[in-house]
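Engineer: what follows is a predicted structure for the sequence shown.
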Amino acid sequence: MGAGESADDFAAIENSQLYKKFMKQCPSGQLSLHEFKKILGLQDMNPQANMYVEQMFHIFDMNQDGFIDFLEFIAAINLVIRGKIDQKLKWYFKLYDADGNGCIDKKELLSIFTAIQAINGYTSMPAEEFTNMIFQKIDVNNDGELTLEEFINGVEKDKDLMELITKSFDLSNVLKVIQNGRRHILKIGVGSLGNNSA
């Protein structure tokens, strides 16, 4: 920032640039699920990966109108890239809770983690091992389901688990692909979406 520029001025300039990029990628101002998949280079995925991409889209689509508009896009970027850890964990929880019942069971977590591995290639451990480890560490009452409270408290108390979840489920690179535009996808490749090099 230069002399005399405030953080608000910087944010306004950044948002203006993001708006131009968003409108260039999506002239209608509304990003459909098909366009979302196309921009990310995530078409023709296996059923589990496709389900994850659709779940991510529906969470970004805050008003549930079937499109991601610019304000929803900015909100997603701010949360995933700049949000506080408890905000990110709440967002992750919502993403993992595929059926929306307020709990994550082993089947949901296994399915989402398998899908994420298919998309980003990050495979520090097999999906079953990851799922079992999560439940061993943070399913306090051993009922086979994680509530939001169990999830947030468990992850925040375990530094190694926090790092693993952050690396495995980080979406900031996905949002950066959208931010930087379609042509950049060819340079970074879909396999590097999960690498957290930023």
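Structural biologist: All right, it came through fine.
Engineer: quick check: mean pLDDT of the helix or strand encompassing residue 111?
Structural biologist: Using DSSP states H and E, residue 111 maps to helix 106-120. For helix 106-120, the mean per-residue pLDDT is 80.
Engineer: buried set for that helix?
Structural biologist: Neighbour-count burial for helix 106-120, with 16 or more other C-beta atoms under 10 Å as criterion, is recorded at 106, 108-120. Yep, even glycine has a C-beta here, placed from its N, CA and C like the rest.
Engineer: same question for stretch 64-72.
Structural biologist: 67, 68, 69, 70, 72.
Engineer: from residue 76, how far off is the fourth one?
Structural biologist: When distances are taken as C-beta to C-beta, to the nearest Å, residue 70 and residue 76 turn out to be 11 Å apart.
Engineer: just the first one next, same as before
Structural biologist: Residue 67 sits 13 Å away from residue 76 when distances are taken as C-beta to C-beta.
Engineer: the second one too?
Structural biologist: Computed as C-beta to C-beta, the residue 68 to residue 76 distance reads 8 Å.
Engineer: shared neighbours, the two?
Structural biologist: residue 60 (C-beta atoms under 8 Å, 6 or more residues apart in numbering).
Engineer: residues in contact with the helix or strand harbouring residue 55?
Structural biologist: If you go by DSSP H and E, residue 55 is part of helix 47-60. By C-beta under 8 Å, 6+ apart, the list of residues contacting helix 47-60 from outside reads 33, 36-37, 40, 42, 45, 64, 68, 72-73, 76, 91, 94-95, 98, 111-112, 114-116, 118-119, 171, 174.
Engineer: give me the distance from stretch 19-34 to the chain's centre.
Structural biologist: In terms of C-alpha atoms, centre = their mean, to the nearest Å, the centre of stretch 19-34 is found 19 Å from the chain centre.
Engineer: may I see the buried residues of it?
Structural biologist: Of all the residues in stretch 19-34, those buried under the rule 16+ other C-beta under 10 Å are 22, 25, 26, 31.
Engineer: need the contact list for the third one.
Structural biologist: With contacts defined as C-beta under 8 Å, 6+ apart, residue 26 is in contact with 35, 39.
Engineer: if anything else comes up later, I'll come back, but that's it for now.
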